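Asker: just need the structure, nothing else, for what follows:
(2 chains)
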Amino acid sequence: MTVKEMAGALGWKLLAGEDGQDNEADGCYVGDLLSWVMGRAQAGNVWLTVMGNLNAIAVAALADTSCIVLCEDSALDADAKNRADMQGIPVYGCGPNLYDTAVQVHGLLK
Amino acid sequence: MSMLHLEYQVPGDDFTRAGEASGDVKHKLKKLGYEPDAIRRVAIAMYEGEINLVIHGGGGEAVVDVDPDRVDIALIDQGPGIPDVEQAMQAGWSTAPDNVRALGFGAGMGLPNMKKYTDGMTIDSTVGVGTTVKMTVIPGRKG
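Answerer: Down below sits the predicted model:
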């Protein structure tokens, strides 16, 4: 399943990085501490977080997560949006919290 | 002499620019056809190193030597140095200030991640003089 398909199914709003929407969603990781995420998330993971800063985009780019999902309508910084657009890192926003979103992702990936 | 020699200046206290060097190395390794796992390990280890230069080193230099069978990365700063390297290597140990933690860093995972993702790492640090971290990634190992 692509991240675009997942976003469509779960009602996520695309905030940046349109070019990367065909990335394959392979598993899921939840976390806000960037080094922790970078050390543990697997390539292809859908990354659920509330960190919408420039460094989060760098982590996603370097760790090859398939997308970032900013839960609970957490904000995407303007410079982070620009970087995500430039690098084709899809960033979505959604209302539900990290747990509920993870449950929804699990429902689609199982 | 390595196949490809790269040098980057990493400015201190500028989190917006951390990741430029590791991003560039990742891009170049992709073009050279390196296996994705090795590229990912280099990128993560080097980004952690860059962040350390920004947070602790007051900026510094990243030097990367690429060969077909290995990538060597050196991160060099003239910062305060690490008084107790063994302690610094412990997961969760951090001296990062609160403003850094608010950005999502400072979890004490930087050096452990660098060790985890590389096939060799040495830390040479002198208090008041600076720190040099050398790492090697060998494609096909770990993963």
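Asker: quick one: pLDDT of A:Val59?
Answerer: On pLDDT, A:Val59 comes in at 94.
Asker: look up how far chain B lies from it.
Answerer: Separation of A:Val59 from chain B (C-beta to the nearest C-beta, to the nearest Å): 8 Å. For the C-beta atoms, the positions are set from N, CA and C on the backbone; glycine is no exception.
Asker: these two touch, right, that residue and A:Val37?
Answerer: Yes - between A:Val59 and A:Val37 there is a contact at 5.9 Å, judged by C-beta atoms under 8 Å.
Asker: residues from chain B in reach of chain A?
Answerer: Residues of chain B found near chain A (C-beta under 8 Å from any C-beta of the partner chain) are B:15-16, B:18-19, B:22-23, B:26, B:36, B:40, B:43-44, B:47-48, B:51, B:103-105, B:107-110, B:112-113, B:116-117.
Asker: next, A:Gly39: phi, psi?
Answerer: When read as degrees, to the nearest 10, the backbone of A:Gly39 gives phi -80, psi -20.
Asker: once you drop chain neighbours, what's closest to it?
Answerer: Spatial nearest neighbour of A:Gly39, chain neighbours left out: B:Asn113 (4.2 Å); criterion: C-beta to C-beta, 6 or more residues apart in numbering or on different chains.
Asker: who's in contact with the one you found?
Answerer: A:35, A:38-39, B:44-45, B:48 (C-beta atoms under 8 Å, 6 or more residues apart in numbering or on different chains).
Asker: what sits closest to residue 79 if chain neighbours are left out?
Answerer: Since you didn't name a chain, this refers to chain A. Residue nearest to A:Asp79 in three dimensions, not counting chain neighbours: A:Leu54, with 5.3 Å by C-beta to C-beta, 6+ apart.
Asker: meant chain B, my bad for not saying
Answerer: B:Gly57 (3.7 Å).
Asker: residues touching the one you found, list them.
Answerer: Residues in contact with B:Gly57 (C-beta under 8 Å, 6+ apart) are B:10, B:12, B:75, B:77-79, B:130-131.
Asker: now do A:Glu18
Answerer: A:Glu18 touches A:85, A:88, A:90, counting by C-beta under 8 Å, 6+ apart.
Asker: wait, the last one sits on A:Val3?
Answerer: Yes - the criterion here is C-beta under 8 Å, and A:Pro90 meets it with A:Val3 at 5.4 Å.
Asker: how about residues contacting the helix or strand harbouring B:Arg101?
Answerer: Per DSSP states H and E, B:Arg101 falls inside helix B:98-102. With contact meaning C-beta under 8 Å, 6+ apart, helix B:98-102 is reached by B:55, B:106-107.
Asker: report the beta-bridge partners for A:Leu14.
Answerer: For A:Leu14, the beta-bridge partners are A:Tyr92 (DSSP bridges).
Asker: separation between the residue nearest to B:Gly79 and A:His106?
Answerer: 41 Å (C-beta to C-beta, to the nearest Å).
Asker: ok, now B:Tyr47?
Answerer: To A:His106, B:Tyr47 is 29 Å away according to C-beta to C-beta.
Asker: next: A:Ala43.
Answerer: In this view, A:Ala43 and A:His106 are 19 Å apart by C-beta to C-beta.
Asker: turn the contacts of B:Gly57 into a markdown table, columns for secondary structure and neighbour count.
Answerer: As requested, these are exported to a markdown table (DSSP: H, G, I helix; E, B strand; the rest coil; neighbours: other C-beta atoms under 10 Å in any protein chain shown):
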| residue | secondary structure | neighbour count |
| --- | --- | --- |
| B:Val10 | strand | 25 |
| B:Gly12 | coil | 14 |
| B:Leu75 | strand | 27 |
| B:Asp77 | strand | 25 |
| B:Gln78 | coil | 15 |
| B:Gly79 | coil | 21 |
| B:Gly130 | strand | 18 |
| B:Thr131 | strand | 24 |
